[in-house]
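With the sequence up front, the predicted model follows.
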Amino acid sequence: MSSLPPLVEPAAELSRDEVARYSRHLIIPDVGVTGQKRLKNAKVLVMGAGGLGSPTLLYLAAAGVGTIGIVDFDVVDTSNLQRQIIHGLGDVGRLKTESARDSIAELNPFVDVRLHNRRLEAKDAVDLFSEYDLILDGTDNFATRYLVNDAALLAGKPYVWGSIYRFQGQVSVFWENAPDGRGVNYRDLYPQAPPPGSVPSCAEGGVLGVLCASIGSIMATEAVKLICGIGEPLLGRLMVYDALEMTYRTVRLRKDPQGRPVTALIDYDEFCGVVTDEAAAASAGSTLTPAQVDAALRSEAPPALIDVREPVEFEINRIAGAQLIPKGEILSGRALGDLPHDRPIVLYCKTGIRSAEALAALKRSGFDDAAHLQGGIVAWAAQIDPTMPVY
């Protein structure tokens, strides 16, 4: 039994081939023929075909979810293959949606895959969500997470949310309009977005590849439970998984009494911010292109080049002549005495976000001629040194 009613009405019938395919489901009393018919009739939208989307999509397809939509605008990159198991080496350079569709077709031809090759935007998110019964969100940035939450709320749809970082993951179910007044949404967990730069993305901080399988399988499990109306979903609970300690724990979530009702979608990039206002102000007029930095380094009076990434990143790649001083050392003030005062300073990180934050700290401390590299070492590798390994 479940504390929530089934999300989807059952389809009319299962074919002979479907009975054979899903036989291990059909003999589970809580699923049975009726539950499998519900899965067949279900329409599930998965946000992203990346780390969490990959195992989630594969298991939803294998389980017999009849219609699966995929929202993604990215292409497969070699760095994805460490965790995004729905793609293979031959898919590098292809749209992730098309690669995922082909993998699903090979796994289960009974699934209708609908591709949405675009970035989710506020202008049509509610209409898109209204076409589906359930949303699964494994995106990796706060702006999209808030957009998914608010669009699902306005469309009256439940959604399963997952998050991963290094060795830890989180999963919950959000449904503002859940029966019996049990509704909670993502804003009850995070009323405000964390300060820009305070929570690194997986691209900045890394993620253990197999962690995606652990969290993605839980997300898919929650989807099956909601569709079939079985078990106790993670509605009102946050599940936290620590792979190093090998522990699972759940935390009770409650409605935020100070929460304001969501009545319309907003500008989520502005709401979350990419960098702080101070960092943006510091960067204005103090941002150099890779070509400008390259020319300056070749000049008779080259600047001091400071790498503000972490030591493990410095081991992967670096710009020749750079000195490693992690951003935290600059923000705390511990490294200010190690910086030269007799020549300009140019900071860089991976993509330009951390270096902008460090630049603001230097400007506050009187390093008025400091600057940072636009686009970070990723841009440097693309524009100046294509032989440089990237991550």
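Received, thanks.

and stretch 383-391, C-alpha only, in PDB?
The C-alpha trace of stretch 383-391 is given here as PDB (Å, rounded to 0.1, in the frame of the first residue of the first chain):
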ATOM      1  CA  GLN A 383      42.300  29.500 -28.000                       C
ATOM      2  CA  ILE A 384      46.000  29.500 -27.200                       C
ATOM      3  CA  ASP A 385      47.200  25.900 -26.500                       C
ATOM      4  CA  PRO A 386      45.000  23.200 -28.100                       C
ATOM      5  CA  THR A 387      47.500  20.500 -27.000                       C
ATOM      6  CA  MET A 388      46.800  21.200 -23.300                       C
ATOM      7  CA  PRO A 389      44.800  18.400 -21.600                       C
ATOM      8  CA  VAL A 390      41.400  19.600 -20.400                       C
ATOM      9  CA  TYR A 391      39.000  18.300 -17.700                       C
END
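
which of the residues in that stretch are buried?
Residues of stretch 383-391 classed as buried: Ile384 (neighbour count, 16 or more other CB atoms under 10 Å). Any C-beta I mention is one placed from the backbone N, CA and C, and that applies to glycine too.

my guess is Leu211 contacts Val171, does it?
No - counting by CB atoms under 8 Å, Leu211 does not reach Val171; the two are 11.7 Å apart.

So for the two, which residues contact both of them?
The contact sets of Leu211 and Val171 overlap at Tyr241 (CB atoms under 8 Å, 6 or more residues apart in numbering).

Look at these two and report which has more neighbours.
Val171 (27 against 22; other CB atoms under 10 Å).

ok, then the element right after the regular element (helix or strand) spanning the more buried one?
Using DSSP states H and E, Val171 maps to strand 168-174. Counting by DSSP H and E, the next helix or strand C-terminal to strand 168-174 is helix 186-189.

could you point out which element follows that following helix?
Assigned by DSSP H and E, the successor of helix 186-189 is helix 202-205.

Return the list of helices and strands in contact with that next one.
strand 159-165 (3 or more CB pairs under 8 Å, 6 or more residues apart in numbering; DSSP states H and E).

same for the strand it packs on, what does it pack against?
If you count contacts as 3+ CB pairs under 8 Å, 6+ apart, strand 159-165 packs onto strand 134-137, helix 142-155, strand 168-174, helix 202-205, helix 211-228.

could you point out which element follows the longest one?
Going down the chain from helix 211-228, the next helix or strand is strand 237-242, by DSSP H and E.

Pull up the gap between Tyr186 and Ser172, please.
In this view, Tyr186 and Ser172 are 8 Å apart by CB to CB, to the nearest Å.

list the residues that contact both of those two?
Common neighbours of Tyr186 and Ser172 (criterion: CB under 8 Å, 6+ apart): Trp161.

For the strand holding Val171, name the packing helices and strands.
Packed next to strand 168-174, using 3+ CB pairs under 8 Å, 6+ apart, are strand 159-165, helix 211-228, strand 237-242.

what's the offset of it from the middle of its chain?
12 Å (CA atoms, centre = their mean, to the nearest Å).

ok, back up a step: now the weakest link among the helices and strands packed on strand 159-165, please, by mean pLDDT.
Looking at the helices and strands packed on strand 159-165, the lowest mean pLDDT belongs to helix 202-205 (a mean of 79).

what about the closest residue to Pro194 other than its chain neighbours, neighbour count?
Leaving aside its chain neighbours, Pro194 sits nearest to Phe142 (6.9 Å; criterion: CB to CB, 6 or more residues apart in numbering). Here the number of neighbours of Phe142 (other CB under 10 Å) works out to 21.

With distance to Ala178 added, can I get the helices and strands packed on strand 168-174 in JSON lines?
JSON lines is the format used below for these (distance: least, CB to CB, whole Å):
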{"stretch": "strand 159-165", "distance to Ala178": "11"}
{"stretch": "helix 211-228", "distance to Ala178": "10"}
{"stretch": "strand 237-242", "distance to Ala178": "13"}
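
Indicate which one of the ones you listed is closest to Gly50.
Closest to Gly50 of these is helix 211-228 (CB to CB; 8.4 Å).

CA atoms only for the closest one, dumped as PDB, please.
Extracted C-alpha coordinates of helix 211-228, given in PDB (Å, rounded to 0.1, in the frame of the first residue of the first chain):
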ATOM      1  CA  LEU A 211      27.700   7.800  -7.400                       C
ATOM      2  CA  CYS A 212      25.500   8.600 -10.300                       C
ATOM      3  CA  ALA A 213      24.200   5.100 -10.500                       C
ATOM      4  CA  SER A 214      23.400   5.000  -6.700                       C
ATOM      5  CA  ILE A 215      21.400   8.300  -6.800                       C
ATOM      6  CA  GLY A 216      19.900   7.800 -10.300                       C
ATOM      7  CA  SER A 217      18.500   4.400  -9.400                       C
ATOM      8  CA  ILE A 218      16.900   5.900  -6.300                       C
ATOM      9  CA  MET A 219      15.300   8.600  -8.400                       C
ATOM     10  CA  ALA A 220      14.000   6.000 -10.800                       C
ATOM     11  CA  THR A 221      12.700   3.900  -7.900                       C
ATOM     12  CA  GLU A 222      10.800   6.900  -6.600                       C
ATOM     13  CA  ALA A 223       9.300   7.500 -10.000                       C
ATOM     14  CA  VAL A 224       8.000   3.900 -10.300                       C
ATOM     15  CA  LYS A 225       6.500   4.200  -6.800                       C
ATOM     16  CA  LEU A 226       4.700   7.400  -7.600                       C
ATOM     17  CA  ILE A 227       3.400   6.100 -10.900                       C
ATOM     18  CA  CYS A 228       2.200   2.800  -9.400                       C
END
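
and it, what other elements does it pack with?
Using 3+ CB pairs under 8 Å, 6+ apart, helix 211-228 sits against helix 32-41, helix 53-63, strand 134-137, strand 159-165, strand 168-174, strand 237-242.

who's the nearest residue to Gly206 once chain neighbours are set aside bridged to?
Spatial nearest neighbour of Gly206, excluding adjacent residues (CB to CB, 6+ apart): Arg166 at 5.8 Å. Here Arg166 sits in beta bridges with Val207, as judged by DSSP bridges.
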